[in-house]
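Novice: Sequence below, structure please.
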Amino acid sequence: MVPFFVQIKCQLGKSYEVANRLADAEVASEIYSTAGEFDLLVKVYVESGTDIGHFVNEKIQTLPGIQDTRTIITFKAF
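Specialist: Here you go, the predicted structure:
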């Protein structure tokens, strides 16, 4: 499994709705509310060889209430 993170900027007042939709869709292993430029931080695991860009585009960015995303691809956990 390959982990990566997605920071999500939600439309105003939609953070909890987006977090609930992500949880219901069972897309993410962990979902955190954050302060700053982005509202949510999502940890995702995909099978090795999965096109991460396509996954984010199809499974995350299409959810209602999402304004913007930033994907962080990780290399190694310490």
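Novice: gap between stretch 7-22 and the chain center?
Specialist: Distance of stretch 7-22 from its chain centroid, counting by CA atoms, centre = their mean, to the nearest Å, is 10 Å.
Novice: likewise stretch 50-68?
Specialist: Per CA atoms, centre = their mean, the centroid offset for stretch 50-68 relative to its chain is 8 Å.
Novice: which sections of this structure are below the confidence cut-off?
Specialist: The model of the chain has no residue with pLDDT under 70.
Novice: one more time with 90, if that's ok
Specialist: Along the chain, the model assigns pLDDT under 90 to residues 76-77.
Novice: now the helices for it?
Specialist: Using DSSP state H, the helices found in the chain span residues 15-25, 52-55.
Novice: okay, those in CSV with mean neighbour count and distance to Gln67 next?
Specialist: Where C-beta positions appear, they are placed from N, C-alpha and C, glycine not excepted. Below are the helices of the chain laid out as CSV (neighbours: other CB atoms under 10 Å; distance: least, CB to CB, whole Å):
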stretch, mean neighbour count, distance to Gln67
helix 15-25, 15, 9
helix 52-55, 13, 18
